[in-house]
Each structure stands twice: as structure tokens, then as C-alpha cells.
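Asks: just a sequence and a predicted model for now, questions to come.
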Amino acid sequence: MASIGDSTTTSIVSVSDELDVHTVSRFGGDEFVVILEGLTGNSHEAAAQAETIGNNILSSFKLPFEMNGKSHHSTPSIGITLFFDDALSSDDLLKQADIAMYQAKEAGRNTLRFFDLQMQVAIAERTALESMLRTGVNEQQFALFYQPQVNGDNAVIGAEALLRWLHPEEGLIPPDRFIPLAEETGLILPIGQWVIEAACETIRQWSESPLRSHMVLAVNVSARQFRQPDFVEKVQAALTDSGAMATRLKLELTESLVLEDIEDAIKKMRALKRIGIGFSMDDFGTGYSSLSYLTKLPLDQIKIDQSFVRNLPDNANDAVIVQTIISMTKGLGMFVIAEGVETDEQRQFLGDNGCSTYQGYLFSKPVPLEQFEEMLG
Ligand code: C2E
Ligand code: CA
Ligand code: CA
């Protein structure tokens, strides 16, 4: 059974005339179903036969065709699933063909894909995680953990707020497992908004304590969140509503986020900087790291990615990269922080080379707010 998407109504008839197929039907919209009967009993051979026919269908679409006196061009995507007798219901078979067709579409169209079980398992897991995540958003199952940022005297000058999903059954789910999906589904918008509001609330609380009022809290911002046309207004509103001081908030952006639309990024960053918010370039060194864009951005800080810190001081390449980033940052009049600092040797090397702000397990892992505040004394 093959499910074909993105073709047009009449063309399929001419295809079916040329090929020895048993049933060609329009399934709905731009989707057509082709059923091939009597393929061989050997599944490898049957797959090869189905693939040949699928490729024939694709090549008949390579040329433009006439319809109502107009020339048309179509780029079909074909999903194929094999079945024996009555093993699965027609609904299940259509779903499998559909899954495979979407894989073909994702692969750039004009191509075909076979359904496989692993694909279905991955999709089922994703669907389950997505519905779990929706519940998580509705029931507010998130928390911020705080990881200290320290200066050369080991004094805590601030923290990075790191998102945790506290699932009632699964326990603590790390961000890497759900942020990509949250991005894809748009759920990152309510989640990211909550993160900013929760961070502002913490900043406001800290402002009441002389031991804490100087601290700057860094918050990660995702691309989709930053792209919202009213991102600037949303951050401003979170500050106003909580009564947090803007100068105590720092937003961590990544290079890829900024480069998606650099003019828009500059505009938003400038607007937020005007009210006192700081900016740090996260994971620096892993992306384009080009000087020309760096000088255009109103950044306060560059964060050396932990992958360069990990093998210091022994790895000569990483040592040179880190030295270069530090001197470049200084040359541009920005501050520099190293993340993922785990050992005294790493910290020593960084300090000797002019980096005097650090974050990493050497000082503390990210911890819940109460624990973080206990650490401060
Ligand atoms: P990131 O922004 O690069 O955060 C640093 C990650 O490194 C954190 O992982 C942190 O726990 C970990 N880390 C800190 N010190 C060390 C160390 O010494 N050694 C090692 N091996 N790792 C260290 P985490 O908390 O799992 O966060 C992973 C990523 O999830 C973050 O990477 C960030 O991209 C994303 N993320 C976290 N919170 C948020 C959020 O509120 N919003 C968005 N959009 N993304 C977030
Ligand atoms: Ca970060
Ligand atoms: Ca980082």
C-alpha cells in the first residue's frame, strides 16, 4: 500500500494506466492510495517490487503535465508499507503508509520511504512525551534550579537559572529531553514565559536581602521565544509585574538564535539593553563565532562553551581556542565567563589567561532555590 501526498487529481489516472497496479484511489485532499496485490511472498523481494513501482510513479511526475490547458508540475512524496493478508486493519496500514509518507516529505519530497517499526515507536514516544508535556504545562510541573557564577575570589556574583521538569511519576526530567520538543510544538512559549516570570520573582526576593541584592540572574532564551514579535514587551511586563530590577537580569542567547535574523535580534537586544538588561552569548565557540557579527551585537558577556573547558589544560587546541576567545572578548570590551569548570586545573588555567568568572561543578551543580540560598549563607 502506498500513500502519495502532494500530487494532483487527474495525473494519477495516467499513472495508473501505465502501471500494472490494482487499485488507485483518491484518499482525500492531495492524498492518493495505491494498492499493489500479488507481490512475491518474500518481504525483501516484495519491497524491491514496491520500490520499483514507487520509483516509476515518481519518474512519471518528473515531467510537467497538461491539465485544462495549463502546464503543471508536481513533487510527490510516497510512503510504502508492506502487509500480508489480514495481519493489520486497513486503518493501521493507512497510518503506517502515512507515517512513511511524512518521512518522505521531510526528506525533501520527490522521494519515497518505507514504513518501519522503529519509526513508529519513535513517533509513539514523541506523541506520549508531547501529551505529558502539555499536562506538565497545564499543571505547572516545572522548577528552576540555580547554578552559582563565581568571581576570582570565589564569591558568588550571580547564578544561571536552569529549567527542570518535576514529573509526578518520572521524577526529574532534564531540559535536553524536552526542550527540543517544546520548541517544535510551541510549548516553549508558555514554558519560557514562566521561566522569565519565575526568574523575575527570584530577583525581586533577592533585592530585599543585602547579601543577595547584587546578584545577577542569567536566564536561557530559546529561539522561538525570542522570535515572538512582542518578546521585548513580555520581558518588560514580567519585570514591572514582579518589581524586579532589570539590571539584575541577564539573558543568554545562542549564536544560531541571533543569526537567524540578526537585524531583528539587534533591535530587540537594544530595546532590552536600554532598560538595563544584560546579554550573554551562550555556548560561544560552537557556532559561527564570526567577528563581524559579534561586533554588531550589544553583548555584555561571552560564555566559553564547556566543550572547550573540558580538556583544559592538556588539549593544546582547546587551550589556544580558549586563550583566543578571552583576548578577543577583552578587545571587544566584553566580559567573559567559562562554563563547565570542574577541576582546579581548569580554573587555574582560565584564571592565568585572564578569565575571572566561572560556572561549573567545581563550585556547585544546579540546585533548588532554597539550597542555593543556603550556600550563600
Ligand atoms: P546550557 O545553557 O549550556 O546550560 C549549561 C548546562 O551545563 C546545564 O545543563 C548545566 O547543568 C550543565 N553544567 C553546568 N556545570 C557543569 C559542569 O561543570 N560539567 C558538566 N558536564 N555540565 C555542567 P542542564 O541544566 O541539563 O541544561 C541543558 C540545556 O538546556 C542548557 O544548556 C540550555 O540550553 C537548556 N535550558 C536549560 N534551562 C533552560 C530554559 O529555562 N530555557 C531554555 N530555552 N533552555 C534551557
Ligand atoms: Ca546557558
Ligand atoms: Ca552553555
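Replies: Cool, got the structure. Ligands and ions are numbered 1, 2, ... in the order given.
Asks: other SSEs contacting the longest helix along the chain?
Replies: With residue count as the measure and DSSP state H as the assignment, the chain has helix 117-138 as its longest helix. Here helix 117-138 touches helix 90-106, strand 156-167, helix 175-185, going by 3 or more Cβ pairs under 8 Å, 6 or more residues apart in numbering; DSSP states H and E. Every residue, glycine included, has its C-beta placed from N, CA and C.
Asks: so which of these is the most surrounded?
Replies: By mean neighbour count, with neighbours taken as mean count of other Cβ atoms under 10 Å, strand 156-167 ranks first of the helices and strands packed on helix 117-138 at a mean of 20.
Asks: for the protein, what lies in contact range of ligand 1?
Replies: 147, 162-163, 174-176, 179, 192, 195, 220, 222, 282-283, 306, 339-342, 360-361, 366 (Cβ under 6 Å from any ligand atom).
Asks: now narrow those to whatever sits close to ligand 2.
Replies: Among the residues of the chain next to ligand 1, the residues within reach of ligand 2 (Cβ under 5 Å from the ion) are 220, 282.
Asks: give the buried subset of the residues of the chain next to ligand 1 as a PyMOL selection command.
Replies: Buried residues within the residues of the chain next to ligand 1, as defined by 16 or more other Cβ atoms under 10 Å, are selected in PyMOL through the command that follows:
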select buried, resi 147+162+163+175+179+192+195+220+222+282+283+306+339+340+341+360+366
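Asks: which of the residues of the chain next to ligand 1 fall within strands?
Replies: With strands defined by DSSP state E, the entries of the residues of the chain next to ligand 1 inside them are 147, 162-163, 220, 282-283.
Asks: pLDDT averaged over stretch 305-318 - what is it?
Replies: Taken as a whole, stretch 305-318 has a mean pLDDT of 96.
Asks: if we can go back for a sec, any chance of the ones in strands among the residues of the chain next to ligand 1 in TSV, with pLDDT too?
Replies: Putting those into TSV (pLDDT from 0 to 100) gives the following:
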residue	pLDDT
Gln147	98
Leu162	98
Leu163	98
Asn220	98
Asp282	96
Asp283	94
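Asks: so which of the residues you listed comes closest to Asn138?
Replies: Asn138 lies nearest to Leu163 out of those, by Cβ to Cβ, at 16.7 Å.
Asks: which residues touch the closest one?
Replies: Contact analysis of Leu163 by Cβ atoms under 8 Å, 6 or more residues apart in numbering lists 142-145, 175, 179, 191, 195, 220.
Asks: count of neighbours near Tyr288?
Replies: Number of residues near Tyr288 (other Cβ atoms under 10 Å) recorded here: 12.
Asks: how about Gly351?
Replies: Other residues lying near Gly351 total 13 when counted by other Cβ under 10 Å.
Asks: likewise for the one 3 residues further on?
Replies: Using other Cβ under 10 Å, Gly354 is surrounded by 12 other residues.
Asks: Asn151 now?
Replies: Asn151 is flanked by 13 other residues according to other Cβ under 10 Å.
Asks: show me what contacts the nearest residue to it once chain neighbours are set aside?
Replies: Distances taken as Cβ to Cβ, 6 or more residues apart in numbering put Ile157 closest to Asn151, at 5.2 Å, once the chain neighbours are dropped. Going by Cβ under 8 Å, 6+ apart, Ile157 touches 149-151, 214-216, 357.
Asks: can you tell me which of those are buried?
Replies: 149-150, 215-216, 357.
Asks: just to check, Ser213 is in contact with Ser207?
Replies: Yes. With contact defined as Cβ atoms under 8 Å, Ser213 counts as touching Ser207 (4.9 Å).
Asks: and these two? which has more neighbours close in?
Replies: Residue environment comparison for Ser213 versus Ser207 gives the larger neighbour count to Ser207, 17 against 13, counting by other Cβ under 10 Å.
Asks: got the residues of the stretch 201-350 of the chain near ligand 3?
Replies: Proximity of the stretch 201-350 of the chain to ligand 3 is assessed by Cβ under 5 Å from the ion, with 282-283 identified as the residues in range.
Asks: so which residues of the stretch 201-350 of the chain form helices?
Replies: Along the stretch 201-350 of the chain, the stretches classed as helices by DSSP state H, counting those that start in this stretch are 223-227, 231-242, 255-260, 262-274, 291-296, 306-309, 316-331, 344-352.
Asks: and of those, who's closest to Cys200?
Replies: Across those, the minimum distance to Cys200, taken as Cβ to Cβ, is reached by helix 231-242, at 3.9 Å.
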